[in-house]
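> my questions concern the predicted model and sequence given below.
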Amino acid sequence: MAGSYDLIIIGSGTAAMVASNRASAAGRKVAVTDFRPFGGTCALRGCDPKKMLVTGAQVMDDIRRMRTRGVVAPEARMSWPELMAFKRTFTAPIPEKQARNYAGKGIDAFHGQARFVGRNAVAIAGEGVCEARHILIAAGARPAPLPFPGAEHLVTNEEFLELEELPPRIILVGGGYIAAEFSHIAARAGASVAILQRGERLLTQFDPELVGWLMESFHEAGIDVRTRRAVVRVEKAGHGYTVLTRSETGAEEAMEADLVVHAAGRIPDLEPLQLDAAGVARDERGHLRLNAFLQSPSNPAVYAAGDAARTGPPLTPVSSHDAKVAVRNMIEGNQYRPDYRGVPSVAFTIPPIASVGLSEAEARQRNLRFRLRSQRVSGWYTARRVAEPTYGFKVLVDEDTDRVLGAHLVGPHVDEVINIFGLAIRHGLTAEDLKTTMFAYPTGASDIGYML
Ligand SMILES: Cc1cc2nc3c(=O)[nH]c(=O)nc-3n(C[C@H](O)[C@H](O)[C@H](O)COP(=O)(O)OP(=O)(O)OC[C@H]3O[C@@H](n4cnc5c(N)ncnc54)[C@H](O)[C@@H]3O)c2cc1C
Ligand SMILES: NC(=O)c1ccc[n+]([C@@H]2O[C@H](COP(=O)([O-])OP(=O)(O)OC[C@H]3O[C@@H](n4cnc5c(N)ncnc54)[C@H](O)[C@@H]3O)[C@@H](O)[C@H]2O)c1
């Protein structure tokens, strides 16, 4: 028997860290467990290492755009091993730092895979069985299974972000965030990159018109984007792989690559948990069935947060928000519901694309009365001073209340500017509030008044 707790948390990512800190600060006896190094996806295998690689890629693109505009850098190239070493300066210390954080707060931290063995009991591999009044499922997500033969040859985000050398020819299967971001990094680092997207366009989470404008930067970077393209199978061929693809018309084409990357979606990582042993029910999609308080109705001892819960978009700030909500409900009784209004999202391409609030299609579906301003503004100073032609926006404002309903941006600095629109949406600010705010000039935010 490994112990008896107020709260056992399965996972050690963002949701787990926030939940464990909050519960322990409230005087609860807490345990966490993870079969991987402590830190979770965002810090070790996702957002943070990825964005450090984007830093290098951004500099390469800055140099390209500023050549003949005052920057002379004939030898500029990216050293992948050095960039990875830079990334590890951040990622390597994290597991130990987290272990110290847990120890310092009296939280028991185990290294082992967890599975339910009862309604209030979890077996941790190598440790034994723990019992708890509450159990939080913060187990995150894993790459979705792929339907074609040879899928086992694909590497995941985790392996891509640990590559010691960048192979010369890379194919990304899928067309969402990971394909968009990794393709921009790899292309700037010198690889020849192709994206195979089953759907009709990339980045379906973002405004179609703005994604259209962004596609120019994919082409500029030499990324070969194939849409409406299914993978038939992947075979090993010498040191590399042959990827057989089929277009909608049925035309087949074989493509060669040294590395094939899974970028085709992630699903909650629930299988190993053996939820049946705890009576925790799932819905028809296989996701956890949860009530409005992030609690399992079939086993009220169990709550969930973040990518594993999948009640909001699978993003880091959502994992953190869910964890706060779930822990408050455990401690104070079910009173708090997650509030996903105004969650901004960014794909860190070069330049980035960002979105918050309602899309144009959603606003039309809801029959809202809104005014829409949309423009490609390559000629605005913000774009011209960094020689970046991709810059544009689409902003929706409610006609009756003047409140901002949605904002969609592509171009320089939009990864920061989107947060101001997020603030407006979450706290009900009006277009007039934003227009009468003085933003430092010249910054990306100083364009906001002209977008409304
Ligand atoms: C490549 C990539 C880039 C991303 N970039 C961004 C970004 O820029 N911005 C953003 O907002 N979001 C980004 N995301 C999404 C973000 O990383 C996730 O939404 C977030 O990390 C989820 O946090 P979590 O705590 O819910 O789960 P995780 O951080 O995934 O933590 C779950 C942990 O549980 C452990 N675990 C699973 N099952 C068990 C078990 N049975 N027993 C014990 N432990 C278990 C796992 O090992 C894992 O460490 C990115 C994701 C990826 C893959
Ligand atoms: N910047 C960020 O916030 C960020 C970055 C990376 C990942 N993430 C999170 O991680 C999750 C996973 O990212 P992702 O890019 O893997 O998923 P995604 O859901 O963003 O995109 C997956 C895409 O792959 C396509 N697809 C699915 N199966 C396919 C197949 N067999 N062949 C070709 N295409 C196929 C889908 O049509 C979809 O467009 C995202 O939902 C996101 O929330 C966020």
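Happy to help now that I have it. Ligands and ions are numbered 1, 2, ... in the order given.

> residue 207: what's it in contact with?
355, 359, 360, 394, 408 (Cβ atoms under 8 Å, 6 or more residues apart in numbering). Every residue, glycine included, has its C-beta placed from N, CA and C.

> ok, the second one touching residue 405?
No. Using Cβ atoms under 8 Å, residue 359 is not in contact with residue 405, being 9.6 Å away.

> quick one, which of those two is more surrounded?
Using other Cβ atoms under 10 Å as the criterion, residue 359 and residue 405 rank with residue 405 on top: 25 against 18.

> circling back to that earlier point, identify the farthest-apart pair in the contacts of residue 207.
355 and 360 (11.0 Å; Cβ to Cβ).

> any common contacting residues for these two?
Joint contacts of residue 355 and residue 360 (Cβ under 8 Å, 6+ apart) are 207, 406, 408.

> going by distance to residue 108, which of the residues you listed wins?
residue 406 (44.0 Å).

> do you know the pLDDT at residue 75?
At residue 75, the model reports a pLDDT of 88.

> what's the helix or strand for it?
Using DSSP states H and E, residue 75 sits in no helix or strand.

> please report how far it lies from ligand 1.
From residue 75 across to ligand 1, the span is 30 Å (Cβ to the nearest ligand atom, to the nearest Å).

> rewinding a little: now, which of the contacts of residue 207 lie within strands?
355, 394, 408 (DSSP state E).

> residue 133 - how many residues pack around it?
The number of residues packed near residue 133 is 14, by other Cβ under 10 Å.

> oh, and call the first residue 22 from now on, that's how I've got it
Sure, I'll start numbering at 22, so the last one becomes residue 154.

> SS state for it?
strand (DSSP: H, G, I helix; E, B strand; the rest coil).

> before we move on, the earlier item: and residue 376 and residue 381? which has more neighbours close in?
residue 376 (26 against 18).

> can you get me a residue count around the nearest residue to residue 313 once chain neighbours are set aside?
Leaving aside its chain neighbours, residue 313 sits nearest to residue 358 (4.8 Å; criterion: Cβ to Cβ, 6 or more residues apart in numbering). When neighbours are counted by other Cβ under 10 Å, residue 358 registers 13.

> touching, residue 358 and residue 316? I think so.
No. Residue 358 lies out of contact with residue 316 (Cβ under 8 Å); the separation is 10.8 Å.

> which stretches in the stretch 372-473 of the chain count as helices?
381-386, 402-405, 435-447, 452-456, 469-472 (DSSP state H, counting those that start in this stretch).

> how about those in a markdown table, adding distance to residue 292?
Supplementary listing: the helices of the stretch 372-473 of the chain in a markdown table, determined by distance: least, Cβ to Cβ, whole Å:
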| stretch | distance to residue 292 |
| --- | --- |
| helix 381-386 | 32 |
| helix 402-405 | 47 |
| helix 435-447 | 34 |
| helix 452-456 | 46 |
| helix 469-472 | 45 |
